[in-house]
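Novice: from the sequence below, what's the structure:
(one chain, ligands or ions: 1)
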Amino acid sequence: MEWGWTQTARSRQGRAMLALLALLIGCWPGGALAAAVQSVRVADGRVIVRFDAPVADAASLVAADTRQILIQVTGATPGSGGRAAGVVGRIRQRRSSGGARIALDLLRPAVVGDAGFEAGGRELRLELQPASAATFTAAGEAGWSRYFRFSFGRRSTYRVVQNVPPASPPPPLPRVRGDGDRPLVVIDAGHGGVDPGAINPVTGLREKDVTLRIAKAIRDTLLASGRVRVALTRDDDRYLVLRERFGIARRLHADLFISIHCDSTAGEDASGASVYTLSEVASDKEAARLAARENRADVIGGLDLGGEGADVRSILIDLTQRDTMNQSAAFAQLLGREARPLIATRPVFHRMASLMVLKAPDLPSILFETGYISNPAEAGFLNSAEGRNRIAESVTRAVEVHFARRMAAR
Ligand code: ZN
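Specialist: Below you'll find the predicted structure:
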């Protein structure tokens, strides 16, 4: 690991929500794009962004958990890349929130010092200041800093910097049920609220409703076993970004995280359950497609609420995650063994993909695709009491063996 970094894994949904608020109250206009980013370069401890037409509104953010500085330029179209130097290892550009989003990957902790527009708004300059890891993390909590260009008459240009505080604190923790110091299993009902997940084209059955019913059935069966404590990330129809989901589990110090989903394809024929664990590289094309689909849960109405959703393509895995990944894979195989006698499973049961919801570095996590909601017969099964009970029974048996093995290993 690079010098000077400490482990931080603060979720950024608060700031994403702020972006949404900004969008709603109209101070972050999308609209026609007037300027294009011509170049981005780092020289003499400064980032210099050049545009082909004047720009009047930009913002910067320290993204502590991805070790980046993000620059958002309202109403500009992104160019490609940029010339990195100094503390900046790589520069990427993409379209985001109706403007250009420039991401600077940092080699060492740094924060933005003096910043503002030059050259009549055709240039944005941001001073980069080396920082301690603590200062870097604190800057990450401060939210977006915005820079405006105001022209008075023909001559003067003034810079105004306004710090935008981060939005709402993380959601309240759900209730934990079960006794004492037993291991805690967090069940995550996939999708919810404005994100329905997959929908059966004929019956209109929605993934978010099916996953919630299945999650509750698993909770009840697990609690009846008396071996574990259980919490649900949501027990009603609400929207949670992907980071919030495992964030809740981490804040509760959970021992196992199980995200419940239903698969879908264009045709009606595909059937069977499968389980996914985290990997940088998808185990096959289908796993890659599934990851793209599930990770899209953070993008609602074109706005990326989860932060850097487009960068999820390559999920970088920390060394500390290796042991967690092994435990996740062991649980996935166990679940396959216990599920096969009870529910229809796919020939290749365990697959790997870069799924954002499995990204907790220190918490064994699986995503359980319980079956195909696009298949009429299987959709009926998934939405029946019989189906739910069989799925819950598979999970409960696997959970019991998983924790019995871990106790024995101690
Ligand atoms: Zn899903």
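Novice: quick one: low-confidence parts of the stretch 201-350 of the chain?
Specialist: 299-320 (pLDDT under 70).
Novice: got the residues of it near the ion?
Specialist: Within reach of the ion by C-beta under 5 Å from the ion, the stretch 201-350 of the chain has these residues: His261. No exception for glycine: its C-beta is placed from N, CA and C like everyone else's.
Novice: all helices of the stretch 201-350 of the chain, in order?
Specialist: Along the stretch 201-350 of the chain, counting by DSSP state H, counting those that start in this stretch, helices occupy 207-225, 242-251, 285-295, 321-339.
Novice: tell me the domain ranges of the protein?
Specialist: 2-152, 184-409 (automatic domain parsing).
Novice: could you give the mean pLDDT of the shortest one?
Specialist: If you average the pLDDT over domain 2-152, you get 77.
Novice: distance check, Gly190 against Arg245.
Specialist: Counting by C-beta to C-beta, to the nearest Å, the gap from Gly190 to Arg245 is 9 Å.
Novice: and these two? Which one has more around it.
Specialist: Comparing Gly190 with Arg245 by neighbour count (other C-beta atoms under 10 Å), the higher total belongs to Gly190, at 30 against 26.
Novice: thinking that one is in contact with Thr211, fair?
Specialist: Yes. Between Gly190 and Thr211 a contact is recorded at 4.5 Å, counting by C-beta atoms under 8 Å.
Novice: which neighbours do those two share?
Specialist: Listed as contacting both Gly190 and Thr211 by C-beta atoms under 8 Å, 6 or more residues apart in numbering are Gly197, Ile260, His261, Cys262.
Novice: now go through the residues you listed and say which are in strands.
Specialist: Ile260, His261, Cys262 (DSSP state E).
Novice: make a markdown table out of the residues you listed and add neighbour count and distance to Asn326.
Specialist: What follows is these, written out as a markdown table (neighbours: other C-beta atoms under 10 Å; distance: C-beta to C-beta, whole Å):
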| residue | neighbour count | distance to Asn326 |
| --- | --- | --- |
| Ile260 | 28 | 22 |
| His261 | 30 | 23 |
| Cys262 | 30 | 27 |
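Novice: closest one to the ion out of those, please.
Specialist: For the ion, the nearest member of these is His261. The distance, counting by C-beta to the ion, is 3.4 Å.
Novice: quickly list what that closest one is bridged to.
Specialist: Residues in a beta bridge with His261, per DSSP bridges, are Glu369.
Novice: picking up where we left off before, now, the most widely separated pair of the shared contacts of Gly190 and Thr211?
Specialist: The largest separation in the shared contacts of Gly190 and Thr211, counting by C-beta to C-beta, is between Gly197 and Ile260 at 10.4 Å.
Novice: between those two, what contacts are shared?
Specialist: Common contact partners of Gly197 and Ile260 (C-beta under 8 Å, 6+ apart): Gly190, Thr211.
Novice: ok, back up a step: Phe148 is nearest to which of the helices of the stretch 201-350 of the chain?
Specialist: Nearest to Phe148, of the helices of the stretch 201-350 of the chain and by C-beta to C-beta, is helix 242-251 at 29.9 Å.
Novice: buried residues in that closest one?
Specialist: Buried residues in helix 242-251, defined by neighbour count with 16 or more other C-beta atoms under 10 Å: Leu242, Arg243, Glu244, Arg245, Phe246, Gly247, Ile248, Ala249, Arg250.
Novice: test my guess that Ala84 contacts Ile69.
Specialist: No. Counting by C-beta under 8 Å, Ala84 does not reach Ile69; the two are 11.9 Å apart.
Novice: name the residue in the two with the higher neighbour count.
Specialist: Counting neighbours by other C-beta under 10 Å for Ala84 and for Ile69 shows that Ile69 has the greater number, 25 against 19.
Novice: need the contact list for the nearest residue to Met356 once chain neighbours are set aside.
Specialist: What sits nearest to Met356 in space, not counting adjacent residues and going by C-beta to C-beta, 6 or more residues apart in numbering, is Leu242, at 4.3 Å. Contact partners of Leu242, counting by C-beta under 8 Å, 6+ apart, are Asn295, Ala297, Asp298, Gly306, Met356, Val357, Lys359.
Novice: and those, which is closest to Asp236?
Specialist: Ala297 (16.9 Å).
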